[in-house]
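Asks: how would this look folded up:
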Amino acid sequence: MSRGGESPAHAGQAHSASDIDSERARFSFRSRALPTIAAIVAIALCIAAGNWQRERLHAKEALRVQYDAAVRAGPVPFASVTADADWAALRYAPVLATGEFLASRQIFIDNKVHAGRAGYDAVTPLVLADGRAVLVDRGWTPQLATRSQLPDVPPPAGVVSVEGRIVLPSSEYIELRHEAPVGAVWQNLDPARYAAATGLRVLPVVIEATAGPAADDGLIREWPLPDFGAERHRIYMIQWYTFAAVIAALWLCFNRPHPRARGDG
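Replies: Take a look at the predicted model:
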C-alpha cells in the first residue's frame, strides 16, 4: 500500500485521468478561442462598416437639407460664383445666368429618351459678361425621321437670362471609340472634352435650364429630382449592423454552456 492508503495502480489511474482532463481543457480552450477571436474581428468590421454608412447617410441628408433650402431661397446670380468655386458644394444649386449663346457651338447629346421616345439634349455654350463660358443644357428635343437630320432648335440671339441648376457631368463613361467627337452629335457631355475639341474654355459644370428666355422653343425641360442616395446608405447601414448581430447570436448559440452528462467528474 502506498502512503495514504492509495495503491500505486490507483495513483497511476488518477494521474492518467488528470492528464486527460487537462488535455481536454487545453483542446477545448483552443477550439473556442479561435472562433471567438474571428467572431470579434468580424463583428468589429461589420460595426465599422455600419458606422461609415451612417456617416455617409448623415452627409447625404445634410446635402438634401441644403438643396431644399437653396430651392426655397431661389436662384442666385451665376456671375457671383467665382471660377475657383467648390463646384461639388454647389451641385444642384439654382442659379440665374445672363449672357449670350454661341449658336455655332451648339451640340446635341445623343440617346436621350423622354416618354419612351428617342431624342437629343440641346447643349449650347453661354458666354457671360465677364468672358467666362458655361454649357447650358437647354432641354430635350425628339429625333427626326432620319438621324441625318438634326432638330432645328436654335438658341435665342442677344443677351438672355437662363434660370437653371448646376450639375456636374460624370467624366467616367464608356464609348465604343475613343476618338474626339466629330460634328454636332455627341454621345456624352464632358465639359473638359468639349473645351479640348472646340478650343472654347468652359467651366467644369453644366447648367440644366429649368426656365429659358424662350418658353416656346419646343424643348422639354423635365429634369428628374436629384437623388442624393441617402436611402441607399440607410439600407447598407442596417445590413452591416444586422450582420454584426447575427454573428454575435451565432457565437452565443454555439458557445452557450451545456449541462455536464451524468457520471462526469
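Asks: which stretches of this structure form strands?
Replies: All strands of the chain, identified by DSSP state E, fall at 76-77, 94-101, 107-114, 117-128, 133-142, 159-167, 185-186, 202-211.
Asks: tell me the most buried of these?
Replies: Here the criterion is mean neighbour count by mean count of other CB atoms under 10 Å, and of the strands of the chain the winner is strand 133-142, at a mean of 23. No exception for glycine: its C-beta is placed from N, CA and C like everyone else's.
Asks: For residue 200, see how far away residue 103 is.
Replies: 13 Å (CB to CB, to the nearest Å).
Asks: One more: residue 107?
Replies: From residue 107 across to residue 200, the span is 11 Å (CB to CB).
Asks: do the same with residue 249
Replies: Distance, residue 249 to residue 200, by CB to CB: 62 Å.
Asks: out of the strands of the chain, which comes closest to residue 48?
Replies: strand 159-167 (33.1 Å; CB to CB).
Asks: now the closest one against strand 94-101, angle please.
Replies: Orientation of strand 159-167 against strand 94-101 (axes from the mean of the first three to the mean of the last three CA atoms, to 10 degrees) gives an angle of 130 degrees.
Asks: quick check: angle from strand 159-167 to strand 117-128?
Replies: Relative orientation of strand 159-167 versus strand 117-128 (the same axes, to 10 degrees): 120 degrees.
Asks: ok so, going back, overlap in contacts of residue 107 and residue 200?
Replies: Common contact partners of residue 107 and residue 200 (CB atoms under 8 Å, 6 or more residues apart in numbering): residue 194.
Asks: Can you list the buried residues in stretch 40-55?
Replies: Neighbour counts using 16 or more other CB atoms under 10 Å place 42-43, 46, 49-50, 53-54 of stretch 40-55 among the buried residues.
Asks: quick one: which of those residues is nearest residue 143?
Replies: Top of the list for closeness to residue 143, among these and by CB to CB, is residue 53 at 41.3 Å.
Asks: Quick check: that closest one touching residue 231?
Replies: No - assessed by CB atoms under 8 Å, residue 53 is found out of contact with residue 231, at 11.5 Å.
Asks: still on that earlier bit, okay, the strands of the chain in TSV with distance to residue 243 next?
Replies: Shown next, in TSV, are these (distance: least, CB to CB, whole Å):
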stretch	distance to residue 243
strand 76-77	44
strand 94-101	41
strand 107-114	38
strand 117-128	42
strand 133-142	42
strand 159-167	36
strand 185-186	44
strand 202-211	39
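Asks: Go through those and name the closest to residue 69.
Replies: Of all these, strand 94-101 comes closest under CB to CB, at 10.8 Å.
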